[in-house]
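> Pasted the sequence and its predicted model underneath.
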Amino acid sequence: MQETTIIGKLGGFVTRHPWGTLLVSTLLVLVLAAGMLHLGFKNDYRIYFSKENPQLKAFEAIQDTYSKSDNVMFVLDPGLGDVFTPRILQAVHRLTEGAWQLSYSSRVDSITNFQHTTAEGDDLTVADLVADPEALSAAQIQAIKRVALGEPLLVNRLLSPTGHVTGINVTVQLPGKSSMEAMKVVAEARELAARIEAQYPGIELYLTGMVMMNNAFAESSMNDNQTLVPIMYGIVIGVLLLSLRSITATLGVVLLIVLSIVSALGIAGWLRWDMTPTSAIAPTIILTMAVADCVHLLVTMLHNMRIGHEKRQAIQESIRINFQPIFLTSATTAIGFLSMNFSDAPPFRGLGNIVAMGVVMAFLLTVSFLPAFMTILPVRVKLQDDLDNRPMRRLADFVIRRRRALLVVNGLLAIGLTSFVPLNELNDEFVKYFDESIEFRRSTDFFNDNLGGLYSMEFSIHAGSEGGISEPDYLQSLQRFADWLEEQPEVIHVHSITDTFKRLNKNMHGDDPSWYRLPERRDLAAQYLLLYEMSLPYGLDLNDQIDIDKSAVRLIATMQSMSSRQVLALERRVRDWLQVNMSASGIEAASPVLMFAHIGKRNIIRMVGGTLLALVLISFILIAAFRSLKLGLISLIPNLVPAGIAFGIWGLIDGQIGLGLSVVTGMTLGIVVDDTVHFISKYRRARIEKHMDSQAAVRYAFSTVGVALWITSLVLVSGFLVLSLSHFTMNSDMGLMTAITIAVALFLDFLFLPPLLMTLEKK
Amino acid sequence: MNKLLLAAVLALFWGQCYALSDEEKGLQIMQEVDRRDTGFGDSSADVQMILRNRHGDESVRRLRMKTLEVIGDGDKTLSIFSSPRDVKGTAFLSFTHALEPDEQWLYLPALKRVKRISSSNKSGPFLGSEYAFEDLTSFEVPKYKYKYLRDEVFDGIDCHVIELYPQYEHSGYTREVVWVDKERYIVLKVDYYDRKDSLLKTQLFRNYQQYLGQYWRAGEMLMSNHQNGKSTLLISENYKFRNGFTDRDFDRNTLKRAR
C-alpha cells in the first residue's frame, strides 16, 4: 500500500533523525505559541449572542434610544430589620455619594437621593428625599418612611415593602474597549462596600447587577483554570503512570499535551480571537483529547518492546499500525468540535475551533515529536506479553457467550433510557449559570428573595408622534398596561412614567391626594413634565425613561426568578394582551432575560443542523476507512445511541438543558466515534488479513485495543468529570453530560457493538 | 533712601524674573475674555437645539433667546420656546449671579403660572439636551478658579489652554478645560470633567461671527457626551444687538406676556 510505505518512511525518518525532528517541531510550536501574547478576554454576557441575534438587536436598539442599563446593585441589609433609622440612612447616603465616584458610573438611584416632589405654596419643590441624614428628628424620619413606602417608584425596586432592605442602584456606562473595565468597577464597588460595612458594623451589603454578572463570568473561569487544570494534570499523569508503567513515556505525553495546548491558544491569538468563559476550558479539553492519540501509539510501542523488539523498531512498527486509526480519530474528533461553529452563541464557536486546532496539533506531534522524544530518552521495560491480559480475555469470552442476551438487554436499555429524553426542557437562567459557591449567585439570590429581582423585561412603547407621550389617551393605555403587568403573578415591580405624571399632578394641586391621577390635558401634562425635568439635577434626569423627542417611553417590569419556559410563556401572554389592547402603538420588548430565554431554542435548532452535517461527514470517513458500507452503517449505532441514552439519563437526573448542553451531541459524536474506529479497524484487520470468523475477530479486537480503549475512555471520562466540578454550570453541565456520553459509548462498544457485529456478520 | 531705591529696583527685577504663576496667568486670560465681551448691552437670537441619541434619532427644539448685559453681576436671559408644540409659549427667565445662587423661573402657559426653579438643578440637563443649565449661563470671572496649562494649536489656531474650577454650589463638574483663541480671546473648545473627574462632554464652538465690530458669537455649538453617546447641536441665527431691552423685559411678573 502506497500509504503504508509513506508512513513507514515517516517512522524511519523520525527515529533516525530524532534531534532534528524534536528541534523542528518545538520551533514550530514556539512560533505558534507566541500568538498567545495577543489573546484577549471578553467577559460581557452579550458575547453569547451573535450580531444577527434578533433579541440582542432589539435590546441594543432600546439601550441606544434611552440609556444603557448595565448596573451594579448594592443591596443593603441593615441587620435590624429597619432601614429607617438615622444611622442606616446615613450609611445609605454615604454609599450613594461614594457610588458616584465609581468608574464609569453615570447615575445612582437610592432612597436618599430619590427626587421627591412637593408643593410649596405655588412652587414645585424637587429635592433629595433624604438630604441631610445627620440632622433628622424622629418625626422627620417617620415622614420620610411614609413617603418612601408609599412611592411606587421605590417599593419593590429600591426598597422592600416592609422597609427591611434597601438597594442602591448604580448605572454604569462601560466604554466597551477592554474587559478590564468591568473588573475595575467591581473592584471599586467591593472596596466601597467594605468601607461602608466597616464604618457601620452590623450592615451587610450584597453586590449584584449585570456588571457583577459579567465579572462573575471572568472570575469563575479564572478560578476554574486555577483549580481544575492542576487536578486534570494530576489525573492524567496518574492514569498514564499506572497504565504505561513508564516515567519517560508519561513525561513525553505531558510535554506533548502542553505543546498542543499552547499551539492552539497561540493560533487563536494570531487570529486575534478573544477568549471567553466558555473557550477558557479549551485547554482542559485539549488535554483530555491529546492523551488518546499518545496512548494508542505508546501502548503498542511498549507492547512491542515487552515482547522483545528493539526500541526503534518498536516505534516504527507502532507508527505503522496506528497512523491510520489515529489520523481517522483525530479527523472525526476535529469535525465533531468544528460542528460547534453552527452554534448561535459565538463563544462555543471559539471553543470548538480552538479544541479542533489542539486536536490537529496533538496528532501532528504524536507522529513526530513523541516518537522522536521516545527515541532519544531511555525506556526500560520488563520482557513480558502484557497485552494478553486476563480481564480483557474474560470480557471477550463473556461477550461472545452472552451475545444474544446482551443484544436484547442493551437494545431495550438503550430504547428505555432514550425514551426519557422528553423529560428535558430548555432553560437558560443566567443567574443559575453560577452555583451557590459564587458570590454573585448568593448576592442575587438574596436580592431576589428580599427586594426586587435581576430579571426584567423592558418595553419601548411608541406614541407615534413627537411629544405624543403627553397625550391623555396614550397615558391611559400605558397605565392600563402597567396595571395589567402588575397583576401578573411573576411580576414584582413595574417602573412606569405614569407614576411620575400622577405625582406631579397631585403636587400641582397643592399635594391634594385626590389629584393623584393622570393629567387630562396634553399641554398640561407636557408642561408638568417640562417643569419637573428642568428641576432635576445631574444624572437623575428622565432620559433613561423618555426618548429625545418625547414620542416613546421605556417601561420596565421586574420579575421574580423564573425559568426560560416561564419567561417565554409570560412574553407570549404580554404579546397577546398588547395585540388586543394596544395594537395601535408600536412596541418593542427586550432584555437580557428574553435574550437568554430565546437563545436555547435558536442554538439547538442550529446545532441539530451542525450535528447532522458532522454525522454525515464522519459516516463517509468511516465507510471509506473501513472500505465497507455495511461496517460504516453498523458503526453508526454505537455512535448515535450514546447521545440518546445520555440525554435520557440527563432527563432523569436534571432535565434542564442550557447553552452548554446544546453543543454536547455534536462534540461527543467526534469523540465516541474514536472507540468504534479502533475496535472495528482491528476487527476488520482480523477478518480480512487473518481470515478469522466474526467471533475470533471480536476476541482479537478485544485483546489488541481493549486496554487502550479502557485507558483512553478513563482519561476522557475523568477529564470531563473534572470539568463538571466547575462552579460555572454552563461548563460543569457540559462536562458531566460529555462524561456520561463517553462512558455510555465505552459500555456500548464493549457490550453492544461486538454482539451486533457477530449477529449482522454471521460467517 | 538708598535702601528704598534698592528695594524698588529689586521689586522690578523680581517681577521680571518670576513671571506670573499659572493661576494668575489663567485668571488674566479669562479676565481678558470677559473684558472683550463687555459692553454689548443686549442681544437676541433664534436658536435651534438639535438632540441626537446613539440610535441616530433626532429631535429639534426651537427657542428665541434674549440677553440683557448686567455690568458688575451676571446677565439676565429670557428664553421663549416655540417648539415642540406642547411647550410653545413657555418662557424661561434666569438671573445669573457671580457668587450667589442663580435665580430661575419658568412660565407655563397651560397653567398660566410662573414657577420658581431651584438652582440645585444647575448640573441637570436643559430641555433634555446634553447642555446642563450651568453650561448655558453667562460667564462670570468670580465663578471659577483658574490655572493656565499650556499653549496649543487647535484647529489651526493658536490657543491658550486653561483649566477652570467651578466655585459655585451644585456644579456637576470638577473642572473644565478651555481652549481660548490667543488673538480674538474667544473660547473654541471646552472639555467637561464630571464629579469623579472623568471626561464627560466636549463642546465645540464653530462659525464665529463678529458683531458691532467687537463681539464674537458662535453660529454653532456642539456638545457631545462621551459617556452616553448623545449629542446636542445649538444653531443660533439672526443675532441682533442693542435692541433696547430693559429690566422690564426680564421681569418675572411680566413673564406671562413675554413674546
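Arrived safely, thanks for sending.

> In the stretch 101-250 of chain A, where is pLDDT below threshold?
Applying pLDDT under 70 to the stretch 101-250 of chain A flags no residue at all.

> tally of neighbours for residue B:25?
17 (other CB atoms under 10 Å in any protein chain shown). All C-beta atoms are positioned from the backbone trio N, CA, C, and that covers glycine.

> Correction: the previous question concerned residue A:365.
Around residue A:365 there are 27 residues (other CB under 10 Å).

> Residue A:391 is in what secondary structure piece?
Element membership for residue A:391, per DSSP states H and E: helix A:390-401.

> Which element is encountered next along the chain beyond that helix?
Downstream of helix A:390-401 (by DSSP H and E), the next one is helix A:403-418.

> And for that following helix, what's in contact with it?
Helix A:403-418 is contacted by residues A:399, A:641, A:644-645, A:647-649, A:748, A:751-752, A:754-756, A:758-759 when judged by CB atoms under 8 Å, 6 or more residues apart in numbering or on different chains.

> In PDB, list the C-alpha atoms belonging to it.
The C-alpha coordinates for helix A:403-418 follow below in PDB (Å, rounded to 0.1, in the frame of the first residue of the first chain):
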ATOM      1  CA  ARG A 403     -24.200 -12.100  22.700                       C
ATOM      2  CA  ARG A 404     -27.900 -12.700  22.300                       C
ATOM      3  CA  ALA A 405     -28.800 -11.600  25.800                       C
ATOM      4  CA  LEU A 406     -26.500  -8.600  25.600                       C
ATOM      5  CA  LEU A 407     -28.000  -7.600  22.300                       C
ATOM      6  CA  VAL A 408     -31.600  -7.800  23.600                       C
ATOM      7  CA  VAL A 409     -30.900  -6.300  27.100                       C
ATOM      8  CA  ASN A 410     -28.700  -3.500  25.800                       C
ATOM      9  CA  GLY A 411     -31.100  -2.700  23.000                       C
ATOM     10  CA  LEU A 412     -34.000  -2.500  25.400                       C
ATOM     11  CA  LEU A 413     -31.900  -0.400  27.800                       C
ATOM     12  CA  ALA A 414     -31.000   2.000  25.100                       C
ATOM     13  CA  ILE A 415     -34.600   2.400  23.900                       C
ATOM     14  CA  GLY A 416     -35.800   2.600  27.500                       C
ATOM     15  CA  LEU A 417     -33.300   5.300  28.600                       C
ATOM     16  CA  THR A 418     -33.700   7.200  25.300                       C
END
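
> mind checking how far it is from the chain centre?
For helix A:403-418, the distance from its own C-alpha centre to the chain's C-alpha centre is 34 Å (CA atoms, centre = their mean, to the nearest Å).

> For residue A:262, list the residues it contacts.
A:29, A:32-33, A:36.

> TSV please, covering those and showing neighbour count, secondary structure and pLDDT.
Converted to TSV, the contacts of residue A:262 look like this (neighbours: other CB atoms under 10 Å in any protein chain shown; DSSP: H, G, I helix; E, B strand; the rest coil; pLDDT from 0 to 100):
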residue	neighbour count	secondary structure	pLDDT
A:29	21	helix	94
A:32	21	helix	94
A:33	20	helix	93
A:36	18	helix	92
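
> Need phi/psi at residue B:236.
phi -110, psi 130 (degrees, to the nearest 10).

> Helix or strand: which one has residue B:161?
Per DSSP H and E, residue B:161 falls inside strand B:157-166.

> and after that strand, which helix or strand comes next?
Downstream of strand B:157-166 (by DSSP H and E), the next one is strand B:175-181.

> Mind checking the pLDDT average for the helix or strand encompassing residue A:364?
Counting by DSSP H and E, the element that carries residue A:364 is helix A:346-366. For helix A:346-366, the mean pLDDT works out to 94.

> got the CA positions of it in PDB?
Below are the C-alpha coordinates for helix A:346-366, written out as PDB (Å, rounded to 0.1, in the frame of the first residue of the first chain):
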ATOM      1  CA  PRO A 346     -20.100  32.800  19.400                       C
ATOM      2  CA  PRO A 347     -18.100  31.600  22.400                       C
ATOM      3  CA  PHE A 348     -18.900  27.900  21.500                       C
ATOM      4  CA  ARG A 349     -17.600  28.500  18.000                       C
ATOM      5  CA  GLY A 350     -14.400  29.700  19.600                       C
ATOM      6  CA  LEU A 351     -14.200  26.700  21.900                       C
ATOM      7  CA  GLY A 352     -14.900  24.300  19.000                       C
ATOM      8  CA  ASN A 353     -12.300  25.800  16.800                       C
ATOM      9  CA  ILE A 354      -9.600  26.100  19.400                       C
ATOM     10  CA  VAL A 355     -10.100  22.500  20.500                       C
ATOM     11  CA  ALA A 356     -10.100  21.300  16.900                       C
ATOM     12  CA  MET A 357      -6.800  23.100  16.300                       C
ATOM     13  CA  GLY A 358      -5.400  21.500  19.500                       C
ATOM     14  CA  VAL A 359      -6.500  18.000  18.300                       C
ATOM     15  CA  VAL A 360      -4.800  18.500  15.000                       C
ATOM     16  CA  MET A 361      -1.700  19.700  16.700                       C
ATOM     17  CA  ALA A 362      -1.800  16.700  19.000                       C
ATOM     18  CA  PHE A 363      -2.000  14.400  16.000                       C
ATOM     19  CA  LEU A 364       0.900  16.100  14.300                       C
ATOM     20  CA  LEU A 365       3.100  15.900  17.400                       C
ATOM     21  CA  THR A 366       2.100  12.300  18.100                       C
END
